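**Q** structure for this input, please:
(chains A and B)
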Amino acid sequence: MNIGVFVCHCGSNIAGTVDTEAVAKAALSFREVVFATDTMYACSEPGQAGIVDAIKTYDLDGVVVASCTPRMHEATFRRTLERAGLNKYMFEMANIREHVSWVGKDMEANTRKASELVHMAVEKLRRNDYLEAGEFEINKRVMVIGGGVAGIQAALDCADGGLEVILVEREPSIGGKMSKLDKTFPTVDCSSCILGPKMVDVAQHPNITLYTLSEVDSVKGFVGNFDVTVRRKAAYVDWDACTGCGECTTKCPSKKTPDRFNEFIGNTTAINIPFPQAIPKKASINADACIKLTKGKCGVCAKVCPTEAIRFDQQDELITERVGAIIAATGYDLFDFTKYGQYGGGRYPDVITSMQYERLLSASGPTEGHIKRPSDGAEPKDIVFIQCVGSRDKSIGRPYCSGFCCMYTAKQTILTKDHMPDSQSYVFYMDIRSPGKNYDEFTRRAMEEYGARYIRGRVSAIQPKNGRYLVKGADTLLGQQVEVEADLVVLAVGAEAAKGSNELAEKLRISYDPYGFFMEGHPKLKPVETNTAGIYLAGSCQGPKDIPSSVAQGDAAAAKVLVLFSKDKLASDPQVSNVKLVRCIGCGKCESVCPFGAIEMVDFRGMPKASVIETVCQGCGVCTAACPQGAIQLRHFTDNQILAEVNTLCL
Amino acid sequence: MSVNEGKELRIIGFLCNWCSYAGADTAGVGRFAQPTDLRIVRLPCTGRINPLFIVRAFMNGADGVLVSGCHPRDCHYSEGNFYARRRLEVLKALLPVLGVDPGRFEYTWVSASEGQRWRSVVTSFTEQVHALGPMPGFKSGTSLDMCLCHMDQNQVL
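**A** Okay, the predicted model is just below:
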């Protein structure tokens, strides 16, 4: 075998702390290496051309590139090999950037480590096989999990692109956080006026199947062939029969049910339609509050319902859908403001969250758009907004900036002035972060045109005083303590990962960061993909996002799905397990450990033997480690290859 | 292959591609300085690891072996790391029988986002192995050596 080794400088990224020339020279002494060189940027056009030339000139059968992580450019270099007419699996990478030059400063130690990594790659490559990718059929349906604005956008794009879409939403209605907003920054657009029509489009689109009040129960399979089981929770109402007339809600005697949609400001009835523009506009019963379901009495709704849609005995229903791709758009949750004891959230009735304030501002909210204090219903005059509640604070485990709180606070001060011209808003802030299009202009308008008083500093305590609140804080620009009396305090709560997002990530087999947000495939170049093929991200489940970014990501995720489905068949990765029949004793251990059911026992001349279903095998190698005979081997990660690497290092 | 006059020891890391290898990459991207002793073998999943690889590494003179994969329940292949955990736990119990100080072996879970955690895992494990010093030599021809032979049958050395 003729092996060529290319040691990349990566500018000064590698060459700065690794003697790449010495590594290339050392490589020449490794078995079967006939050519080795160092190159400025192996991945660049001239770098790749150099590899192609060398393959032809030196009649190379295999190539090792020592550069960055294979997770970055393995695919790039495999294509280079293909261009030169070589089997693309005759390639190995040595990671001498992320694992060497970037983590060690000692040139000598780094150079030796890099040479050893190249040696390991060479020894592994010597045992590589020529592999050919197979093909498998794909199911061109897509599931979108989460019906917020990102999920809606992704679902509509996919559906308009001709795909069959299943949209799964946990709440009784789609719309997400955006449907709760009164206005949006920086245009002061009416939120429901721009989202409402899109929600209607979802309901009416012939390609979209909508499951609300539903959650993903389990996910099986792989790209092109996922089997997703959806749990449709009991609404205790037959939605096929319910017309959304609302008769039941007016007659329901259980009128003290906490109103989830209105952020628990005000009450609703046990059977309700969450908001007037809800999609689908169907009633559902809150089982915890319903008198019939808790005590067995009442049943008024069933008596008044004109279509006899009430079903007190309804059960959760499990539906399995087969899809080829999944878009996760599960959004975010608001920070639990009671964690800041000094602000009195949860203890003082007139210390509320920004989303609660949003509901107060909204004409469809509990106060019909009149700003009233929750405690006594009086109109507040002085309103204090406190920013960064649950953002940029390491001490409560939220060191990141939620990104949109500066903007929505500015919007709320503007709306406050519009609603109550003689009111005064005070904003305690740490920094103003308004980098979007027209964003900085907007916050300046709040200060200059609408007279919101911005005070740079943290609030240390809030105390009740004569039916009002005394807000004590620091003005770090003036360098002095300040006290502001307020009728209402609004906490600009930050964003955190949605509850249950970790469980969903585990079901989808995607990664999440320490805060619970889903991780993209690459922070720069794969912003909507995950490391699991066929699963994409949209919106705030990946990190806090404002509406334009969520919509853009919804579009992008849909585009990725449409690209995936532009082919009728996908190429399967040939790095899968393979059975040596002479060694296999038919014990079936591999079959029982395979997480994908990719191994079946077949009859071979009267003896049981394992057989790998190559398109189902995902290449984890659990079977290879379980086989007592070494009969089933994961291609390109065979026992011999791994031991060769170990031996290279140790012998 | 000589090690840098005792300054460096020979530590082998078996890392899963999806979490820990990516976590080690994240540590690199974040420029978190680490000891240089560790050499990483990339595997698709910790479930791919045959505990005998680790034994083989020790027999061939490795001073320490570190295995790292996805956090339990977070495996890219659903359950590979559970298989790994069982096997490695057994191995850990077996190491003293083989005459290997169990302090030379560790398995851990590091996710793709935990660059900083990777740095601390590498640093503390390297320190732990340095405290134990170089691996005393194994005699060849022991029964253990024989058991491992089947793994080498097809090897092209």
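**Q** give me the nearest residue to A:Gly346, chain neighbours excluded.
**A** Of all residues not flanking A:Gly346 in the chain, A:Thr338 sits nearest, at 4.0 Å (C-beta to C-beta, 6 or more residues apart in numbering or on different chains). C-beta coordinates here come from the backbone N, C-alpha and C atoms, glycine included.
**Q** next, the residue of the stretch 201-350 of chain A found nearest chain B: secondary structure please.
**A** Nearest residue of the stretch 201-350 of chain A to chain B, counting by C-beta to the nearest C-beta: A:Lys220, 9.0 Å away. Of the three states, A:Lys220 takes strand according to DSSP: H, G, I helix; E, B strand; the rest coil.
**Q** burial of it, as a residue count?
**A** By other C-beta atoms under 10 Å in any protein chain shown, the residues close to A:Lys220 number 16.
**Q** quickly note the distance from the residue nearest to A:Gly346 to A:Arg347.
**A** Distance of A:Thr338 to A:Arg347, computed by C-beta to C-beta, to the nearest Å: 8 Å.
**Q** still on that earlier bit, wasn't the residue nearest to A:Gly346 part of a helix?
**A** Yes: counting by three-state DSSP, one finds A:Thr338 located in a helix.
**Q** the spatially most central residue of chain B is in what secondary structure piece?
**A** In chain B, the centroid-proximal residue (C-alpha atoms, centre = their mean) is B:Leu66; its distance is 2.7 Å. Assigned by DSSP states H and E, B:Leu66 falls within strand B:64-69.
**Q** strand partners (parallel or antiparallel) of that strand?
**A** Using DSSP bridges, the strands paired with strand B:64-69 are strand B:11-16 (parallel), strand B:105-109 (parallel).
**Q** right, so those strands: which one is the most enclosed?
**A** strand B:11-16 (a mean of 26; mean count of other C-beta atoms under 10 Å in any protein chain shown).
**Q** can I get it in PDB, CA atoms only?
**A** Taking Å, rounded to 0.1, in the frame of the first residue of the first chain, the C-alpha atoms of strand B:11-16 are listed here in PDB:
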ATOM      1  CA  ILE B  11      -2.000   7.600  28.600                       C
ATOM      2  CA  ILE B  12      -4.500   6.300  26.100                       C
ATOM      3  CA  GLY B  13      -8.000   7.800  25.800                       C
ATOM      4  CA  PHE B  14     -10.800   5.900  24.200                       C
ATOM      5  CA  LEU B  15     -13.500   8.500  23.300                       C
ATOM      6  CA  CYS B  16     -16.800   8.200  21.600                       C
END
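**Q** hmm, who's touching that strand?
**A** Strand B:11-16 is contacted from outside by A:646, A:649-650, B:21, B:24, B:37-46, B:48-49, B:53-54, B:57, B:62-70, B:76, B:80-81, B:122, B:125-126, B:129, using C-beta atoms under 8 Å, 6 or more residues apart in numbering or on different chains.
**Q** centre of the chain versus it, how much separation?
**A** How far strand B:11-16 lies from its chain's middle: 4 Å, per C-alpha atoms, centre = their mean, to the nearest Å.
**Q** next, give phi and psi for A:Gly521.
**A** phi -60, psi -40 (degrees, to the nearest 10).
**Q** what's the answer for the one 5 residues further on, then?
**A** With angles defined as degrees, to the nearest 10, A:Lys526 shows backbone torsions of phi -130, psi 60.
**Q** and the gap between the residue nearest to it when sequence neighbours are not counted and A:Gln387?
**A** Of all residues not flanking A:Lys526 in the chain, A:Glu520 sits nearest, at 5.7 Å (C-beta to C-beta, 6+ apart). Note on A:Glu520: its distance to A:Gln387, by C-beta to C-beta, is 27 Å.
**Q** and what of A:Glu108?
**A** Relative to A:Gln387, and taking C-beta to C-beta, A:Glu108 is found at 51 Å.
**Q** more neighbours, the two?
**A** Using other C-beta under 10 Å, the more surrounded residue of A:Glu108 and A:Gln387 is A:Gln387, with 28 against 13.
**Q** just to revisit the earlier point, got the CA positions of the strand holding B:Leu66 in CSV?
**A** Once non-C-alpha atoms are left out, strand B:64-69 reads as follows in CSV (Å, rounded to 0.1, in the frame of the first residue of the first chain):
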residue,chain,number,x,y,z
GLY,B,64,-3.0,4.9,32.1
VAL,B,65,-6.3,4.4,30.2
LEU,B,66,-9.2,6.8,30.1
VAL,B,67,-12.5,6.0,28.6
SER,B,68,-15.0,8.8,28.0
GLY,B,69,-18.5,8.8,26.4
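**Q** contact partners of the helix or strand following it?
**A** Downstream of strand B:64-69, the next assigned helix or strand under DSSP H and E is helix B:80-98. Helix B:80-98 is contacted from outside by A:593, A:595, A:620-622, A:625-626, B:16, B:45-51, B:54-55, B:58, B:67, B:69-72, B:74-75, B:101-102, B:104-105, B:107, B:109, B:144, using C-beta under 8 Å, 6+ apart.
**Q** next, the angle from helix B:80-98 to strand B:11-16.
**A** 150 degrees (axes from the mean of the first three to the mean of the last three C-alpha atoms, to 10 degrees).
**Q** give me the average confidence score over helix B:80-98.
**A** Rounded to a whole number, the mean pLDDT of helix B:80-98 is 94.
**Q** gap between that helix and the chain center?
**A** Worked out by C-alpha atoms, centre = their mean, helix B:80-98 lies 12 Å from the chain centre.
**Q** what of stretch A:598-615?
**A** 38 Å.
**Q** next, the buried residues of it.
**A** Of the residues in stretch A:598-615, A:Ala598, A:Ile599, A:Lys609, A:Ala610, A:Ser611, A:Val612, A:Glu614, A:Thr615 count as buried by neighbour count, 16 or more other C-beta atoms under 10 Å in any protein chain shown.
**Q** stretch A:108-120 now?
**A** Buried residues in stretch A:108-120 (16+ other C-beta under 10 Å): A:Ala109, A:Asn110, A:Thr111, A:Arg112, A:Lys113, A:Ala114, A:Ser115, A:Glu116, A:Leu117, A:Val118, A:His119, A:Met120.
**Q** can you put the residues you listed in CSV and add distance to chain B, secondary structure and pLDDT?
**A** Compiled in CSV, these are given as follows (distance: C-beta to the nearest C-beta, whole Å; DSSP: H, G, I helix; E, B strand; the rest coil; pLDDT from 0 to 100):
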residue, distance to chain B, secondary structure, pLDDT
A:Ala109, 4, helix, 95
A:Asn110, 7, helix, 97
A:Thr111, 10, helix, 97
A:Arg112, 7, helix, 96
A:Lys113, 5, helix, 97
A:Ala114, 10, helix, 97
A:Ser115, 9, helix, 97
A:Glu116, 6, helix, 97
A:Leu117, 7, helix, 97
A:Val118, 11, helix, 98
A:His119, 8, helix, 97
A:Met120, 7, helix, 97
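**Q** including distance to A:Gln575, could those residues go into a markdown table?
**A** Shown next, in a markdown table, are these (distance: C-beta to C-beta, whole Å):
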| residue | distance to A:Gln575 |
| --- | --- |
| A:Ala109 | 32 |
| A:Asn110 | 30 |
| A:Thr111 | 31 |
| A:Arg112 | 30 |
| A:Lys113 | 26 |
| A:Ala114 | 25 |
| A:Ser115 | 26 |
| A:Glu116 | 24 |
| A:Leu117 | 20 |
| A:Val118 | 21 |
| A:His119 | 22 |
| A:Met120 | 18 |
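**Q** out of the residues you listed, what pair is the most spread apart?
**A** A:Ala109 and A:Met120 (16.5 Å; C-beta to C-beta).
**Q** tell me the contacts of B:Asn60?
**A** Residues near B:Asn60 by C-beta under 8 Å, 6+ apart: A:Val646, A:Asn647, A:Cys650, A:Leu651.
**Q** tell me the spacing between it and A:Leu649.
**A** For B:Asn60, the distance to A:Leu649 - C-beta to C-beta - is 8 Å.
**Q** just A:Pro276 next, same as before
**A** 68 Å.
**Q** the more surrounded of these two?
**A** Ranked by neighbour count (other C-beta under 10 Å), A:Pro276 and A:Leu649 place A:Leu649 first, with 22 against 12.
**Q** fine, thanks again, bye for now.
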